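1. Sequence and predicted structure, then a few things I'm wondering about:
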Amino acid sequence: MKNKLLPLIVLSLIAILSTSCGMPIIGKHVQKKSGTSRLFSSTDSTFSPYVAQFESYAKSVTGNSGFSVGDVLINFGDPEVNTFQGVCYIYSNDLREIIIRKQWWDTAADSDRESLIFHELGHCKLDRDHDDEVNVIGGKSVKLSMMNSIIVLGTDYSNHRPGYLDELFNRNKTSVINAFINTP
Ligand SMILES: [Zn+2]
């Protein structure tokens, strides 16, 4: 019994230590908020370059030259659950806002920041749920979507960004698989 429990305990610890999105791993993927008032009335300018980058990628990857993030606000705040570094709230009137934990942001690499913001925009703008599918590629477990409930970080993201972006906007997992085959 002890031996069977150990891997579970280790996996749980890894999950707790990893950067999670503000969605319960079990249950609803998007946090529905009752009420119709957002916490903020505009986006913190810290996030403007990431929104611009998201729009730029969306336009080039989807071919939709009119793509805009529009009325999705992003600000620093408390994602309410200790293991969550970001959250997408959707209010009862369908207004949306993203809250990012500043303590995480302040020490995160730029590519990791992008991965978290793009993941949250995946929920709040693209209406995507979590996708925790993995493949073993080159002996390593590879997340096939940046909508994984544990955020794709480090070289996993920075070395395979075009593949992940194609999956994010076009749901093309072959792009992620090929990216990892070409650059393990
Ligand atoms: Zn998420």
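-> Great, that's in hand. Residues are numbered from 1 along each chain as shown.
2. anything in stretch 143-160 near the ion?
-> No: with CB under 5 Å from the ion as the criterion, the ion is not reached by stretch 143-160; the gap is at least 5.8 Å. No exception for glycine: its C-beta is placed from N, CA and C like everyone else's.
3. any idea which helix or strand carries the residue nearest to Q85 when sequence neighbours are not counted?
-> The shortest distance from Q85 to any non-neighbouring residue, by CB to CB, 6 or more residues apart in numbering, is to W104 (4.2 Å). Assigned by DSSP states H and E, W104 belongs to helix 102-107.
4. Just after that helix, pick out the following helix or strand.
-> Defined by DSSP H and E, the subsequent element after helix 102-107 is helix 110-124.
5. Against which helices or strands is that next one packed?
-> strand 20-21, helix 48-62, strand 72-76, strand 84-91, strand 96-100, helix 154-158, helix 161-170 (3 or more CB pairs under 8 Å, 6 or more residues apart in numbering; DSSP states H and E).
6. and the angle from the longest one to helix 161-170?
-> Helix 48-62 runs at 80 degrees relative to helix 161-170, counting by axes from the mean of the first three to the mean of the last three CA atoms, to 10 degrees.
7. Check the offset of helix 48-62 from the chain's centre.
-> 15 Å (CA atoms, centre = their mean, to the nearest Å).
8. Just the buried residues of it, please?
-> Y50, V51, F54, E55, Y57, A58, V61 (16 or more other CB atoms under 10 Å).
9. Which residues does it contact?
-> Helix 48-62 has contacts (CB atoms under 8 Å, 6 or more residues apart in numbering) with 43, 64-65, 67-69, 74, 113-114, 117-118, 121, 125, 165-166, 169-170.
10. will you turn the helices and strands packed on helix 110-124 into JSON lines that also has mean pLDDT?
-> Shown next, in JSON lines, are the helices and strands packed on helix 110-124 (pLDDT from 0 to 100):
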{"stretch": "strand 20-21", "mean pLDDT": "68"}
{"stretch": "helix 48-62", "mean pLDDT": "95"}
{"stretch": "strand 72-76", "mean pLDDT": "97"}
{"stretch": "strand 84-91", "mean pLDDT": "90"}
{"stretch": "strand 96-100", "mean pLDDT": "94"}
{"stretch": "helix 154-158", "mean pLDDT": "96"}
{"stretch": "helix 161-170", "mean pLDDT": "96"}
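11. can you tell me which residues contact the residue nearest to the spatial centre of the chain?
-> Residue closest to the average C-alpha location in the chain (CA atoms, centre = their mean): H119, at 2.2 Å. If you count contacts by CB under 8 Å, 6+ apart, H119 has them with C21, G86, M146, M147, I151, V152.
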